[in-house]
Every structure is written in structure tokens, then in C-alpha cells.
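1. sequence and predicted structure below; questions after.
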Amino acid sequence: MPSGRLCGTGADRPARGGGAAAVALLAMSTLPVPEAPSPAAAPTLVVRTVPLELTDPLLTLLPAGAEPDDLVSWVRRGEGLVGWGRALTFESRGPERFRDAEAWWREVVTHAVVRDEVGRPGTGLVSFGSFPFADDSAESARLVVPSTIVGRRDGRTWLTTVSLDPQLTILESPTPASDPEPPQGVTFADGSVSPADYAHSVAEAVARINAGEVDKVVLARDLVASAQSPIDARWLLRRLAERYENTWVFSVAGLVGATPELLVRRDQGLITSRVLAGTIRRTGDDAKDLGLAASLARSSKDLEEHEYAVRSVADALEPHSSSMNVPEAPFVLHLPNVMHLATDVAAVSADDASSLTLAASLHPSAAVGGTPTARAVALISELEHMDRGRYAGPVGWMDATGDGAWGIALRSGAFAPDDASQIRLYAGCGIVAGSDPEAEVAESTAKLIPMRDALSGD
Ligand SMILES: C=C(O[C@H]1C=CC=C(C(=O)O)[C@@H]1O)C(=O)O
């Protein structure tokens, strides 16, 4: 077994409140279980996937009253995965966190008893994960195997149930839960890095870049939102999904957000990655924004920043690919708050590296670390003055075959442990020689808008 912490066994708790009118589809199907699993092995999970005749939006199925930690989501344009309850969880900290998680997952997969009637990426046994950005973060990597998962792909929907008890494989068709209430009385306060501190660090980073220490470094800041009562994570997820359709709306172990950046997806031999770097704020005036998009596509400062990020992804994927397509020029990705330079990299998988192994080899890309990587990461820890936690780390899911999708946890917030009325938001910017501290403060403010607006109940 890997050295991480195994927890939550037996915590196969039913979600409170939501999906109250669930209908039993199939009951008490007992699957064959190996007689005596070795004591050192992961527990045996009993997993069942069936097709579902259901057209309700996935995010409406998340049950009311659940803790943020108990809700998982990876949804884009109505498709993806949502889940709740905890059949099994795993935590690991430090430089070996990816390796530990991968080893744990292989153990879990080896011992699971799976009956999968759908057989597509994301069906059968699936875990959701979120990893700290830094090797020395005080936070742990978290992997969660929910007890109920609903997935949708190409218009087909399925239900997966996961249990530690072979007698408990009741498959119930979920129904939409009651609508979430908006957060009440939210106030925002500086986190560990105020806008003035941030401007100061950016100026220092530019000086270090000009002194030849690094080519690019990404610096971030934080903001703390406090509400009068617990914030319903479902409200945030639904708001983000409604407004930011070009993003992946995620929730894993209390980390919630809408990321436009796909670190890596492995899907039946095809590897893809959406690289972002280079940003301009939108004005809200469409004609003006088109002009800004054109200037972003010509901005040498942004093109330089973008090129570092694309190179770092292509270099990390290269050893795992038999062929790769890296477009010569980026396109402009339009989001309601900002526009980014974006490049979609595609490759054919040459080995059996799982999506998590690929994510680990890509992390930290130059979109969140810098160039060269090791020196940029050292500079972040010297200049940033905060623990990023799981912000800017990989977040996503993986199935038993290793297929899965991992985004970079951007445009996100982390619920305070044991206090759902508080959430810490983060935003960062790539700093290169031409960066201006005040402009980077403004850019980071624009990147906080999706979470701020969702929290403000707008
Ligand atoms: C680090 C963040 O964004 C990255 C991703 C896209 C564009 C970026 C930029 O232009 O600076 C950043 O590299 C963030 O949103 O917190």
C-alpha cells in the first residue's frame, strides 16, 4: 500500500435532503466478492453502472443539505459527472502525493468488483481528485470515490453506485433536489496577500526576470469571502455553469470553481490539453472587446507568456506520445470576464500512463508555475507569501482504465475546513519582463469575478 492515509471507509452515507423522491430501479443485486481479501489490500468496493433514462441537468441532481466536501462535479455544457456520498477517500501530502494516489487507486481498482452495463470512459469505478500546487503545502491531496455518481456523455446518461457492502447495491434513479438558496450577507476581505502586497511582489518578480533569474513566473493572491450562514456549494456550481459555458465546473473535497484550462484528458488513447496564458479583461462592450481580442492576439508580451506555457505542456507530453499536434498560433478564448490566448494540444498515447500520471508530469505547467519550472517554483515560494493549497493544482477524475480529465484548479475557492460559511478565493497572473504591477492587480481582480459574482448571489 502507498504511504498516504486511507479514510472514510464505511462512510457510505446517504445524502441528506435532496433527491427525496428517488425511485428504486433495481434492488438487492448481490455480486460475487472475492472470499478473503488480503489484510494489506484496499477494501473491496462493489460497483454497479446502469444506463439511466434521465434528462434533468446533472447539477440539479446534487442533493440538498450535503456538506461541500460530499459533493463532486466535473461538468461542462451539461455533460460530465456529478456525485455525492463517500464510499472511500484517500489523502497524501508532499512530493510523492501523485505517486501515492496512483498506487492507491491501482490497489482499489484491483480489488473492486465491478458490473458495468455501459462501458465508456467515466463509467464503472471512478475517483475524483484534487492536488495541492506545492510539494511543501500544508494541505493534502484528496481522492474521493463517491457512493453515487451520475454521468452523461453524448446525450447518454448512466448511474453508478459504489458500496463497501455487497448487500447494498440498490440502484435508485436520482431526481432533482430542491433549488439552492443564494449565499446570505457575504463580505470580502483581503487574504494573506493584499492587492498592495501583490503589486509589490509583481514588481520584485519583474526585477528578478530582468536580472535573468527566470523568464516567467506566475504569482497569485487570495481573498476571503464570509457569509452569515453556510454557503450552498450547489448554488455556486449552478451559477458558474450558467455563466461560464466554456469552462469545466468542478467540486472536489470542498474545492469549487469553473476552470477554463484543461491540464490533460486521456480518452481511449487520445490525449488532449487546453493551454491558456495571456489575458485581457473584457469591457462588456462587444465591439470594443473584439478590438481587444485582436490586440491580445498581437501582443508580444502575451504571446511570449503563452509560448512558455505551450512549450512546457508539449515537452511534458512528448515522452508519452507517438505523435502530437501543436498549432502554430493560439486562438482567443472568450469568457464573460476575460479573454485568453489558448492552444489545444492533441497527442496519441504511446504508453499506458494514466491520466493522473500525465497530469503529474505536466504539473506545474508554465501557466501556473513559470519558466524554467524549478527556478520559477522556488521564486513563487520566496515572493508569494502564501500557501496556495489546492489552487492551481490538478483537479478532476479518473476511471479504472486510467482514462480521465484533469483541469488546473483556477477561478476557484476552497471552503474552510469545518466552516462552510467561509471560502478562500485565489487568482494569479503570469509575470514576464513586460509586466506592469498595477495591470496585474487589475487582471487578478478580473479573474476573481466568476466566484465573487456567484457568492454575491448575482
Ligand atoms: C493563474 C491563473 O491563470 C493562468 C491561466 C490563464 C491565464 C493566465 C495569465 O494570463 O496570466 C495564467 O497563466 C489564474 O486564473 O489564477
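-> Sure, I can see it.
2. switch to C-alpha atoms for all contacts and neighbour counts from now on
-> Will do.
3. tell me what Ser412 is bridged to.
-> Gly257, Tyr426 (DSSP bridges).
4. wait, isn't it in contact with Thr259?
-> Yes - assessed by Cα atoms under 8 Å, Ser412 is found in contact with Thr259 at 7.5 Å.
5. who has more neighbours out of those two?
-> Neighbours per residue (other Cα atoms under 10 Å) separate Ser412 from Thr259, with Ser412 holding more: 28 against 22.
6. measure the more buried one to the ligand for me?
-> 8 Å (Cα to the nearest ligand atom, to the nearest Å).
7. got a list of what that residue touches?
-> Listed by Cα atoms under 8 Å, 6 or more residues apart in numbering, the contact set of Ser412 reads 255-259, 391, 425-426, 451.
8. which one of those is nearest the ligand?
-> For the contacts of Ser412, the minimum distance to the ligand (Cα to the nearest ligand atom) is 6.2 Å, reached by Tyr426.
9. for that closest one, give me the pLDDT.
-> Per-residue pLDDT puts Tyr426 at 98.
10. point out the residues in the stretch 151-300 of the chain that sit beside the ligand.
-> By Cα under 6 Å from any ligand atom, the residues of the stretch 151-300 of the chain that approach the ligand are 276-279.
11. sec struct for Phe133, please.
-> The three-state label given to Phe133 by DSSP: H, G, I helix; E, B strand; the rest coil is coil.
12. quick check: phi and psi at it.
-> Per-residue torsions, Phe133: phi -60, psi -50 (degrees, to the nearest 10).
13. from the ligand, how far off is the residue nearest to it when sequence neighbours are not counted?
-> Spatial nearest neighbour of Phe133, chain neighbours left out: Gly393 (4.3 Å); criterion: Cα to Cα, 6 or more residues apart in numbering. Applying Cα to the nearest ligand atom, the value for Gly393 to the ligand is 10 Å.
14. would you confirm that Gly393 contacts Asp135?
-> No - using Cα under 8 Å, Gly393 and Asp135 do not qualify as a contacting pair, with a distance of 10.6 Å.
15. what about those two, which has more around it?
-> A count of neighbours by other Cα under 10 Å puts Gly393 above the other of Gly393 and Asp135, at 25 against 15.
16. ok, that one to Asp154 distance?
-> Distance, Gly393 to Asp154, using Cα to Cα, to the nearest Å: 28 Å.
17. now Asp215
-> Asp215 is 42 Å from Asp154, where distance means Cα to Cα.
18. who has more neighbours, the two?
-> Between Asp215 and Asp154, Asp215 has the larger neighbour count (other Cα under 10 Å), namely 23 against 7.
19. which of the residues of the stretch 151-300 of the chain next to the ligand sits closest to Tyr198?
-> Distance to Tyr198 across these (Cα to Cα) is lowest for Thr279, with 17.5 Å.
20. is the residue nearest to that closest one when sequence neighbours are not counted in a helix, a strand, or coil?
-> The shortest distance from Thr279 to any non-neighbouring residue, by Cα to Cα, 6+ apart, is to His340 (4.5 Å). With three-state DSSP as the basis, His340 sits in strand.
21. surely His340 meets Val275?
-> No - if you go by Cα under 8 Å, His340 and Val275 don't touch, sitting 9.6 Å apart.
22. what about the spatially closest residue to Leu341 that is not a sequence neighbour, neighbour count?
-> Nearest non-adjacent residue to Leu341, counting by Cα to Cα, 6+ apart: Val332, 4.8 Å away. If you count neighbours by other Cα under 10 Å, Val332 ends up with 18.
23. can you list the strands that the helix or strand where Val332 lies pairs with?
-> According to DSSP states H and E, Val332 maps onto strand 331-334. The pairing partners recorded for strand 331-334 under DSSP bridges are strand 338-349 (antiparallel).
24. packing partners for the helix or strand following the strand it pairs with?
-> The helix or strand immediately downstream of strand 338-349 is helix 355-362, counting by DSSP H and E. Secondary-structure packing of helix 355-362 (3 or more Cα pairs under 8 Å, 6 or more residues apart in numbering; DSSP states H and E): helix 97-111, strand 262-267, helix 300-317, strand 394-399, strand 404-408.
25. redo those as JSON lines? Include mean neighbour count and mean pLDDT.
-> What follows is the helices and strands packed on helix 355-362, written out as JSON lines (neighbours: other Cα atoms under 10 Å; pLDDT from 0 to 100):
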{"stretch": "helix 97-111", "mean neighbour count": "20", "mean pLDDT": "97"}
{"stretch": "strand 262-267", "mean neighbour count": "25", "mean pLDDT": "98"}
{"stretch": "helix 300-317", "mean neighbour count": "21", "mean pLDDT": "95"}
{"stretch": "strand 394-399", "mean neighbour count": "28", "mean pLDDT": "98"}
{"stretch": "strand 404-408", "mean neighbour count": "28", "mean pLDDT": "98"}
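26. let me have those in CSV, extended by distance to Leu219.
-> Listed next are those as CSV, based on distance: least, Cα to Cα, whole Å:
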stretch, distance to Leu219
helix 97-111, 23
strand 262-267, 19
helix 300-317, 13
strand 394-399, 17
strand 404-408, 15
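27. of all these, which one comes closest to Thr175?
-> strand 394-399 (23.2 Å).
28. the residue nearest in space to the middle of the chain: what's it in contact with?
-> Central residue of the chain (Cα atoms, centre = their mean): Val395, 2.9 Å from the mean position. Contact partners of Val395, counting by Cα under 8 Å, 6+ apart, are 128-131, 250, 252, 406-409.
29. now it, nearest residue through space, not along the chain?
-> Ser130 (4.3 Å).
30. now for Pro57: which residues touch it?
-> By Cα under 8 Å, 6+ apart, the contact set of Pro57 is Gly78.
31. how about the contacts made by the residue nearest to Ala405 when sequence neighbours are not counted?
-> Nearest non-adjacent residue to Ala405, counting by Cα to Cα, 6+ apart: Arg265, 4.1 Å away. Taking Cα under 8 Å, 6+ apart as the contact definition, Arg265 lies against 271-273, 355, 403-406.
32. how near is the residue nearest to Thr279 to the ligand?
-> Note on His340: its distance to the ligand, by Cα to the nearest ligand atom, is 6 Å.
33. which strand residues sit across from that residue in the sheet?
-> Per DSSP bridges, the residues bridged to His340 are Thr279, Leu333.
34. quick one: Thr49 from the ligand, how far?
-> Distance from Thr49 to the ligand, counting by Cα to the nearest ligand atom: 35 Å.
35. and Leu61, by the same measure?
-> From Leu61 to the ligand the distance is 28 Å (Cα to the nearest ligand atom).
36. tell me which residue of the stretch 1-150 of the chain lies closest to the ligand.
-> Distance from the ligand to each residue of the stretch 1-150 of the chain (Cα to the nearest ligand atom) is smallest for Phe133, at 11.4 Å.
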